[in-house]
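1. got a predicted model here, sequence first, then my questions.
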Amino acid sequence: MGKNINMYHFAPTDTFYDVEEFINREIDDERAVTILEEDLLASNFLNSEQKNAYNLILQTLLSNESDAFFIDGPAGTVNMRTIYRSIKDITQNTRNWKIKMIVAEKSPKRVAQNSPTKNQNLVLMDVEGNRVQAVIFGKDIDLRDDTLNVYQSYYIANAFVKPLDARHRREAYELQWIINSRTIVENIEYDESPLKPPDYNIIPFNQLDIYKDTDAEVDILAIAMSTNAPRQVNTSHGKSLVQDIYVIDSSVKVLRLAMWNRFVHDECSEICNIIMEKPIVLGTKIRVSSYNGLSLSSRPTSVFTIEPFLASAISLRAWATENNSLLEETIAKNLDRPGASTPGSSTDLLVKISEIVEALESIPAMMV
């Protein structure tokens, strides 16, 4: 073989190391790192699952025990992020941001006229009341189907921030958020206070006259009583689809609410499916018209929330339950009138207030 062990220059057997030299180099390097105060406070920004893992590992270390842990998480979920209070501080260049938001509005899934891709629009609101328009596209809608519920609070991070075309802007904030598969949406902690829902300027039906045929966009809260079938009409913009829903509020006034085009396919369809339950409908940015005396109509910017979880809606439901027999009588009068279920009916379906005022004199009006 011709080889000798001395040719390989192994370390001498009499080499002596003191205790310091037995310390692992990586541990030594870690001990030399200066720990910043912000790093010491980083555990305050962990979500519930991260916090559980952190506490378990820390407890094992402090108890001088040995154990093995496997940590797995989608990219981005374990990074420390700066928590903001205002959306005004979040721009296209902001990185590693996180903010507590409440879902103020959420539309049904829709398909745009010039695109086959589904979209779902939301309005999110921060703790200061600032609002941002957000949108989800395509398959990401189904991924978020069980979250981002109206009036629920969440922590949102990593949304794609981009400028919003002024033609589509409905809020003061000039940017739009795209919520996609990379966006992180977390529930707030069970013991954490949720954000306050939006404030609405609900106008009782008996106070709507001053808004007739103006540019005013009013908010209403009412009980859906009955519906007509959808019908196609000719307008200055061409053919349009419209469906009438007859609603009543606590001022005991019945009005026709005309729902146009995209609202017919989505919100009207949902209302019709539960009409026997007398669903409560919140409508915002509604137009008030003098057509047939007084009527309501949707605008392209209108938003409808069915059975909203609001204190005023809960009060209206209690009022409706207490006066259920009166509501049933009113609905019956509507349905008994000729043409009540035909598309062409209009004011024939309206109940005269004088017919039920006497029955209501002993019932206190509910404040919305």
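-> Arrived safely. The shown structure was predicted, so the numbers you read here are calculated from the model rather than taken from an experiment.

2. domain assignment for the chain?
-> Domain ranges of the chain: 22-80, 82-187, 205-360, per automatic domain parsing.

3. now tabulate the ones you listed in a markdown table and tack on distance to Lys196, mean neighbour count and mean pLDDT.
-> Bear in mind the C-beta positions are built from the backbone N, C-alpha and C, glycine included. Formatted as a markdown table, the domains of the chain follow (distance: least, Cβ to Cβ, whole Å; neighbours: other Cβ atoms under 10 Å; pLDDT from 0 to 100):
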| stretch | distance to Lys196 | mean neighbour count | mean pLDDT |
| --- | --- | --- | --- |
| domain 22-80 | 22 | 10 | 69 |
| domain 82-187 | 8 | 16 | 91 |
| domain 205-360 | 11 | 16 | 82 |
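
4. could you dump those domains to JSON lines with distance to Pro194?
-> Below are the domains of the chain laid out as JSON lines (distance: least, Cβ to Cβ, whole Å):
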{"stretch": "domain 22-80", "distance to Pro194": "15"}
{"stretch": "domain 82-187", "distance to Pro194": "4"}
{"stretch": "domain 205-360", "distance to Pro194": "11"}
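
5. need the residues that contact stretch 188-207.
-> The contact list for stretch 188-207, computed with Cβ atoms under 8 Å, 6 or more residues apart in numbering, reads 48, 100-102, 104, 125-127, 151-155, 211, 218-222, 248-251, 253, 255, 282, 284, 310, 312, 368.

6. just give the nearest non-adjacent residue to Asn228, would you?
-> Excluding the flanking residues, the one nearest Asn228 by Cβ to Cβ, 6 or more residues apart in numbering is Asp244, at 4.3 Å.

7. distance check, that neighbour against Val254.
-> 12 Å (Cβ to Cβ, to the nearest Å).

8. helix or strand: which one has Ala53?
-> helix 48-62 (DSSP states H and E).

9. my bad, Asp199
-> Per DSSP H and E: nothing holds Asp199, as it lies in no helix or strand.

10. circling back: doesn't the residue nearest to Asn228 belong to a strand?
-> Yes: judged by DSSP: H, G, I helix; E, B strand; the rest coil, Asp244 forms part of a strand.

11. bridged to it, which residues?
-> Per DSSP bridges, residues listed as beta-bridge partners of Asp244: Ala258.

12. correct me, but it touches Leu255?
-> No: the pair formed by Asp244 and Leu255 falls short of the contact definition of Cβ atoms under 8 Å, at 10.2 Å.

13. helices or strands up against the helix holding Ala53?
-> The helices and strands touching helix 48-62, judged by 3 or more Cβ pairs under 8 Å, 6 or more residues apart in numbering; DSSP states H and E, number zero.

14. all helices of the protein, in order?
-> 25-31, 37-40, 48-62, 139-143, 262-263, 269-273, 311-322, 324-336, 354-360 (DSSP state H).

15. turn these into a markdown table, including distance to Arg182.
-> Formatted as a markdown table, those follow (distance: least, Cβ to Cβ, whole Å):
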| stretch | distance to Arg182 |
| --- | --- |
| helix 25-31 | 31 |
| helix 37-40 | 25 |
| helix 48-62 | 18 |
| helix 139-143 | 10 |
| helix 262-263 | 29 |
| helix 269-273 | 31 |
| helix 311-322 | 35 |
| helix 324-336 | 48 |
| helix 354-360 | 55 |
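
16. Arg299 is nearest to which of those?
-> helix 262-263 (9.9 Å; Cβ to Cβ).

17. show me what the closest one is packed against.
-> By 3+ Cβ pairs under 8 Å, 6+ apart, helix 262-263 packs against no helix or strand.

18. and for that helix, what's in contact with it?
-> Taking Cβ under 8 Å, 6+ apart as the rule, helix 262-263 contacts Arg110, Gln243, Ser298, Ser302, Phe304.

19. quick check, nearest of those to Lys333?
-> Nearest to Lys333 among these is Gln243, at 20.9 Å by Cβ to Cβ.

20. contact partners for the closest residue to that closest one other than its chain neighbours?
-> Nearest residue to Gln243, sequence neighbours excluded (Cβ to Cβ, 6+ apart): Pro230, at 4.3 Å. Neighbouring residues of Pro230 by Cβ under 8 Å, 6+ apart: Leu241, Val242, Gln243, Val264, Cys268, Pro343.

21. which two among these are spaced furthest apart?
-> Cys268 and Pro343, at 13.0 Å, using Cβ to Cβ across the contacts of Pro230.

22. surely Leu148 meets Tyr154?
-> Yes: with contact defined as Cβ under 8 Å, Leu148 counts as touching Tyr154 (6.8 Å).

23. overlap in contacts, these two.
-> Common contacts of Leu148 and Tyr154, defined by Cβ under 8 Å, 6+ apart, comprise Val103, Val185.

24. distance check, the residue nearest to the spatial centre of the chain against Ile136.
-> Nearest to the geometric centre of the chain sits Val103, at 2.8 Å (Cα atoms, centre = their mean). Per Cβ to Cβ, Val103 is found 12 Å from Ile136.
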